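Q: Got a predicted structure plus its sequence, pasted below:
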Amino acid sequence: SQTIHQWPATLVQPVGSPLSLECTVEGTSNPNLYWYRQAAGRGLQLLFYSVGIGQISSEVPQNLSASRPQDRQFILSSKKLLLSDSGFYLCAWRGTTNEKLFFGSGTQLSVL
Amino acid sequence: AQSVTQLGSHVSVSEGALVLLRCNYSSSVPPYLFWYVQYPNQGLQLLLKYTTGATLVKGINGFEAEFKKSETSFHLTKPSAHMSDAAEYFCAVTHTGGFKTIFGAGTRLFVKA
């Protein structure tokens, strides 16, 4: 069966520090991968999606970047965190477009 | 462009009462529509989805939703609320043939004893 792993679960970082959040999927090949951010009262905002290795689409101009170095690995990064980067970050994967998204358990990021 | 509007950021019902969570979407092509539920500090779980065929879809935990193309709506209902239904609910839309899923802002459901 397929599983999705996302870590860490919580993270507290100072303003200006770098960020690396990792997400891996097991039990499937060539998944579509997604990073969402959830801020209080604002629903889920799509940040990045990837349909293959090295292929990244950015949805919102921001301080973050994403990479997909392997088929089932998706990384969210920042060189210098801002206060506004705080939020709950969710990784997700899907096979075909009419299927549901499978979500990881999320990372609560607090930038202080 | 796709968009999703959920009317009411907070909904409060009594245990045993009808649950109605509203969702309207915009899409220039036939959509795939989803409802997800999120419990505190967790990821999202699928409640139900509409892709093609029957417009009334049934999901887990007694929830159902009806796709109404003329009203561009996909409202979520449950005949009788249970305390365990208290959570945040998200409506989402994907274009057929597209890769992006766009979510509404969410509706937090409170269930009173």
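A: Received, thanks. Numbers count the residues shown, from 1 in each chain, chains lettered A, B, ... in the order given.

Q: CA only for contacts and neighbour counts going forward, please
A: Noted.

Q: element containing A:Pro61, please.
A: Under DSSP states H and E, no helix or strand contains A:Pro61.

Q: now it: how far from B:Thr5?
A: Here A:Pro61 is placed at a distance of 22 Å from B:Thr5 (C-alpha to C-alpha, to the nearest Å).

Q: do B:Glu88 as well
A: Taking C-alpha to C-alpha as the measure, B:Glu88 falls 15 Å from B:Thr5.

Q: Neighbour count for the two, which is higher?
A: Legend: neighbour count by other C-alpha atoms under 10 Å in any protein chain shown for B:Glu88 and B:Thr5, higher for B:Glu88 (21 against 18).

Q: Buried residues in the helix or strand harbouring B:Leu109, which are they?
A: Element membership for B:Leu109, per DSSP H and E: strand B:107-112. The neighbour-count check on strand B:107-112 (16 or more other C-alpha atoms under 10 Å in any protein chain shown) flags B:Thr107, B:Arg108, B:Leu109, B:Phe110, B:Val111 as buried.

Q: For chain A, tell me whether it is touching it.
A: No. Strand B:107-112 lies apart from chain A when judged by C-alpha under 8 Å from any C-alpha of the partner chain; the minimum separation is 8.8 Å.

Q: Let me see the mean pLDDT of that strand.
A: The average pLDDT for strand B:107-112 rounds to 96.

Q: now do stretch A:37-55
A: Averaged across stretch A:37-55, pLDDT comes to 88.

Q: re earlier: quick one: strands adjacent to the strand holding B:Leu109?
A: Taking DSSP bridges as the criterion, strand B:107-112 sits next to strand B:10-14 (parallel), strand B:87-95 (antiparallel) in its sheet.

Q: Kindly export the helix or strand just after the first one (C-alpha atoms) in PDB.
A: Right, the one you point to is strand B:10-14. Where DSSP H and E defines the elements, the next helix or strand beyond strand B:10-14 is strand B:19-26. Output of strand B:19-26 as PDB, limited to C-alpha atoms (Å, rounded to 0.1, in the frame of the first residue of the first chain):
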ATOM      1  CA  VAL B  19     -25.500  19.500   8.800                       C
ATOM      2  CA  LEU B  20     -25.300  21.700   5.700                       C
ATOM      3  CA  LEU B  21     -22.000  23.100   4.500                       C
ATOM      4  CA  ARG B  22     -22.100  25.200   1.400                       C
ATOM      5  CA  CYS B  23     -19.700  25.200  -1.500                       C
ATOM      6  CA  ASN B  24     -19.800  27.000  -4.800                       C
ATOM      7  CA  TYR B  25     -17.200  26.600  -7.500                       C
ATOM      8  CA  SER B  26     -16.200  28.200 -10.800                       C
END
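
Q: how distant is strand B:19-26 from the center of its chain?
A: Relative to its parent chain, strand B:19-26 has a centroid offset of 6 Å by C-alpha atoms, centre = their mean, to the nearest Å.

Q: Please determine whether it lies in contact with chain A.
A: No. Under the criterion of C-alpha under 8 Å from any C-alpha, strand B:19-26 makes no contact with chain A; the nearest approach is 13.3 Å.

Q: Can you name every helix or strand that that strand contacts?
A: The contact analysis (3 or more C-alpha pairs under 8 Å, 6 or more residues apart in numbering or on different chains; DSSP states H and E) places strand B:19-26 against strand B:3-7, strand B:73-78.
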